[in-house]
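> Sequence first, predicted model second:
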Amino acid sequence: MKRAAGPRRAPRGLRALPRAAWLVLAGLLLGPAAARAADPITFSADSVQASLAKDRESTVLSGKASVKTGSISIVADRIELFGKDFTYLQCSGSVRVVDTDKKLRLESPSLYYDRSKKLLRAQGPSVLQDDRNKLVLKAEWIESDNETEITLAEIAVRIVKDKIACRSEYALYKRKDNILELTGAPSASKEGDSYEASRIVVNTDTEDIQLEGEVKGSVVDKKAEPAKGSAEASSEKASPEKAPLPPPDKGQPASGPGGAE
């Protein structure tokens with residue numbers, strides 16, 4: 001007599017787990033890895049899928065996915081952890097990154113993060129906000145090295161820092177040195193003055209602007225601008241209000257038609 005077949009087990013490999021099981025999975029998969037990695041890592045999500053195949057381990061988080069490693073927190077619609085010791089993260093869908101130590105924030109539709117090199121690479125319309133230096137950088141491609149604190153940006157680069165606004169196709173931001181190098185049809189404006197050059201270097205601390213190559217610019221003569229209200233005052237002095245005419249003498253008839261002969 002044949003034994004009744006029980007329920008089929010899910011094939012080894014990619015398996016879906018409920019939200020409550022992620023803590024167990026983190027202990028099984030990431031416990032040894034966390035000990036060997038530079039920074040420990042924890043995660044949570046509405047849904048977790050894990051592949052346990054040797055040398056091809058990966059974990060996919062979806063639905064309010066969240067990862068914390070060191071001082072960096074990442075939230076996204078989907079996050080995949082892969083590579084040896086789950087070193088690499090591929091994030092997509094409303095990605096938001098916060099680095100509490102560096103005081104940096106990043107928003108992007110797609111993000112790759114290398115935990116061992118502490119390297120972030122954002123693709124698509126992305127915004128990097130440097131809260132420490134009060135600088136905002138926007139571009140279609142941003143790569144930020146948290147070890148060297150050097151950021152590269154390409155395509156439709158826009159940068160705002162206090163009174164300075166810059167545009168270019170390529171930008172190199174050396175955060176430790178407070179230096180911003182712009183190439184690829186760069187331009188910069190400050191308090192009404194505008195500059196164009198082959199290469200523009202901005203000191204984000206002193207806000208000094210250095211121009212190299214073919215230079216163009218326009219400068220507003222701020223001393224020539226009248227003070228507020230001065231134009232109205234001068235206008236009033238130039239054309240004072242006329243005094244009213246005195247009333248006609250009661251004893252004398254007014255001149256004109258019908259007056260005295």
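Cool, the structure landed.

> Residue 78 reaches residue 65, doesn't it?
Yes - applying Cβ atoms under 8 Å, one finds residue 78 in contact with residue 65, separated by 6.0 Å. Where you see a C-beta, it was placed from the backbone N, CA and C, and this is true even at glycine.

> Mind listing the shared neighbours of those two?
Shared contacts of residue 78 and residue 65 (Cβ atoms under 8 Å, 6 or more residues apart in numbering): residue 91.

> Among those two, which residue is more densely surrounded?
Neighbours were counted for residue 78 and for residue 65 using other Cβ atoms under 10 Å; residue 65 has more, 26 against 17.

> same for the helix or strand the more buried one falls within, what does it pack against?
Element membership for residue 65, per DSSP states H and E: strand 58-69. Identification of packing neighbours for strand 58-69 by 3 or more Cβ pairs under 8 Å, 6 or more residues apart in numbering; DSSP states H and E yields strand 41-44, strand 47-51, strand 72-82.

> Just the buried positions in that strand, please.
Applying a neighbour-count criterion of 16 or more other Cβ atoms under 10 Å, one finds 58, 59, 60, 61, 62, 65, 67, 68, 69 buried in strand 58-69.

> Leaving out sequence neighbours, find the closest residue to the last one.
Across the structure, with Cβ to Cβ, 6 or more residues apart in numbering as the measure, the residue nearest residue 69 apart from its sequence neighbours is residue 41 (4.3 Å).

> so where's this protein shaky on pLDDT?
Applying pLDDT under 70 to the chain flags residues 1-38, 55, 222-261.

> care to break it down by domain?
Per automatic domain parsing, the domain ranges recorded for the chain read 13-126, 133-224.

> how close does the closest residue to residue 215 other than its chain neighbours get to residue 163?
Using Cβ to Cβ, 6+ apart and skipping residues adjacent in sequence, the residue nearest residue 215 is residue 197, 4.7 Å away. According to Cβ to Cβ, to the nearest Å, residue 197 and residue 163 sit 19 Å apart.
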